[in-house]
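**Q** Build the 3D model from these lines:
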Amino acid sequence: MSNSALPVSRVPGSRDAPVLRWGIMGPGWIAERFTESVQAHTDQVIAAVASRSPSRSKAFADAFGVPAAYGSYEELAAAPDIDIVYVCTPHNFHHQAAVLALDAGKHVLVEKPIGLNAAQAQDIAKRAEAAGVFAAEAMWTFFLPKFDVIRQILDAGTLGTVTTVFAEYGEHFERGHRIFDPALAGGPLLDLGTYPLALVTEVLGLPEELHAIGQPHESGVNAQLSAIMQFAGGAQAVVNTHLHNFTPTSATIVGSRATLTFDGPFNMPGGFEVRFPDGARLRHEEPPGGHFEGLHYEAAAVARAVAAGQTQAGQRTLAASIRTLDVADEIRRQLGVVFPDEETLADKDAARL
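**A** Got it, this is the predicted structure:
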């Protein structure tokens with residue numbers, strides 16, 4: 001690859017993907033955005049929805065024309081006409097819901113984070129492998145066309161040796177939002193911080209050294225955290241995430257030959273620029289957008305993988321999901337943040353960095 005042109009995205013059109021029949025566990029905000037995007041941009045079929053509240057399931061089904069509404073996750077897991085289950089319950093039910101689907105022989109796409117911790121992610125991976133079914137984390141950012149271009153840039157060595165990654169993500173939330181609820185694994189780390197951490201670990205792998213600082217919130221959750229990391233070879237990363245207010249949600253990958261800077265927000269559809277020391281600049285143009293414009297890419301990619309007999313998504317492997325949670329576990333260990341119903345992080349071996 002020369003400095004005169006960037007590669008083009010190899011992501012096929014979403015409507016060309018083989019059709020799966022999808023069941024949704026958890027009819028919340030992200031399920032609504034996913035369904036809107038999938039119904040508008042693909043031929044995938046949202047065939048069923050399940051909630052522990054029958055009225056919520058029915059309301060969702062009525063709103064989106066979904067033919068089946070169940071009053072329990074168990075019913076959906078057992079439904080014979082469902083190919084794949086999309087788990088988008090609150091964080092601390094991701095593992096339980098995914099296990100229900102996997103044990104029923106269903107393929108699963110689990111909303112990020114795939115589990116509360118690396119141990120839950122490893123358990124999902126182990127169960128999926130034993131069942132011979134597909135499993136992946138719905139880290140939709142990595143399925144966007146721009147990330148296929150970025151992978152080609154990194155693989156070609158256009159940036160040279162990556163030395164530094166900066167990534168941040170902050171938002172404002174109304175006080176009643178679940179992010180303020182300690183019982184629902186609240187705080188910004190698993191909601192927003194997953195994106196910066198996923199980017200860092202995708203580019204640089206697992207850090208050899210990590211130092212985190214945190215700020216508590218009066219609700220009992222973590223309000224803000226920052227972490228600096230060092231990797232084999234000396235590369236470093238800096239991340240910040242918080243629930244105080246909106247930020248540019250910026251990210252930059254610095255290399256010895258060039259620097260890649262995302263248009264904000266880096267986790268959404270949009271462009272980026274590669275800048276060289278001699279002043280040359282190369283632009284990747286992609287229309288900016290949000291969940292409606294972007295979530296369909298992961299659904300289509302998953303459908304193509306399942307139809308091809310693959311059990312993982314190359315865009316977000318289970319090992320990559322586990323790696324990101326390893327780092328999140330270590331941050332929480334340093335900050336003393338323990339979520340409900342999980343073992344004390346100080347006793348865990350999996351997250352030692």
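
**Q** Look up how far residue 106 lies from the residue nearest the centre of the chain.
**A** Per Cα atoms, centre = their mean, the C-alpha nearest to the average position across the chain is that of residue 139, at 2.3 Å. As for residue 139, its distance to residue 106 is 20 Å (criterion: Cβ to Cβ, to the nearest Å). Using the backbone N, CA and C atoms, a C-beta is placed for each residue, glycine as well.

**Q** same deal with residue 44?
**A** 15 Å.

**Q** of the two, who's got more company?
**A** Set residue 44 next to residue 106 and count neighbours by other Cβ atoms under 10 Å: residue 44 wins out with 26 against 22.

**Q** correct me, but the more buried one touches residue 302?
**A** No: assessed by Cβ atoms under 8 Å, residue 44 is found out of contact with residue 302, at 9.1 Å.

**Q** Tell me where the chain is predicted with low confidence.
**A** Applying pLDDT under 70 to the chain flags residues 1-3, 343-353.

**Q** how about the helices in the stretch 251-353 of the chain?
**A** Assigned by DSSP state H, counting those that start in this stretch, the helices in the stretch 251-353 of the chain fall at 291-307, 318-335.

**Q** so which of these gets nearest residue 91?
**A** helix 318-335 (11.3 Å; Cβ to Cβ).

**Q** and that closest one, which residues are buried?
**A** 318, 320-335 (16 or more other Cβ atoms under 10 Å).

**Q** Next, the contact list for residue 200, please.
**A** 165, 167, 229, 237, 239, 327 (Cβ atoms under 8 Å, 6 or more residues apart in numbering).

**Q** The first one bridge partners, please.
**A** Spelled out, it's residue 165. residue 237, residue 253 (DSSP bridges).

**Q** how close does it sit to residue 327?
**A** Distance from residue 165 to residue 327, by Cβ to Cβ: 12 Å.

**Q** What is the neighbour count of the residue nearest to residue 83 when sequence neighbours are not counted?
**A** Computed as Cβ to Cβ, 6 or more residues apart in numbering, the closest residue to residue 83 that is not its neighbour in sequence is residue 20, at 4.3 Å. Residue 20: 24 surrounding residues under other Cβ under 10 Å.

**Q** likewise residue 249?
**A** Neighbours around residue 249, by other Cβ under 10 Å: 20.

**Q** Helix, strand or coil: sort out it for me.
**A** Using DSSP: H, G, I helix; E, B strand; the rest coil, the structure places residue 249 in coil.

**Q** what's near enough to touch it?
**A** 168, 169, 170, 195, 264, 265, 266, 267, 268.

**Q** Likewise for residue 31?
**A** 24, 49, 60, 86, 88 are the contacts of residue 31 under Cβ under 8 Å, 6+ apart.

**Q** For stretch 43-57, C-alpha coordinates in PDB please.
**A** Provided in PDB are the C-alpha atoms of stretch 43-57 (Å, rounded to 0.1, in the frame of the first residue of the first chain):
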ATOM      1  CA  ASP A  43     -33.600  -9.000   4.800                       C
ATOM      2  CA  GLN A  44     -32.900 -10.600   8.200                       C
ATOM      3  CA  VAL A  45     -36.100 -11.600  10.000                       C
ATOM      4  CA  ILE A  46     -36.800 -10.600  13.600                       C
ATOM      5  CA  ALA A  47     -39.100 -13.500  14.400                       C
ATOM      6  CA  ALA A  48     -39.500 -13.400  18.200                       C
ATOM      7  CA  VAL A  49     -38.900 -11.300  21.300                       C
ATOM      8  CA  ALA A  50     -38.700 -12.300  24.900                       C
ATOM      9  CA  SER A  51     -38.900 -10.500  28.200                       C
ATOM     10  CA  ARG A  52     -39.600 -11.500  31.700                       C
ATOM     11  CA  SER A  53     -42.500  -9.100  31.400                       C
ATOM     12  CA  PRO A  54     -45.100 -10.300  28.800                       C
ATOM     13  CA  SER A  55     -46.500  -6.800  28.400                       C
ATOM     14  CA  ARG A  56     -43.100  -5.500  27.400                       C
ATOM     15  CA  SER A  57     -42.600  -8.300  24.900                       C
END
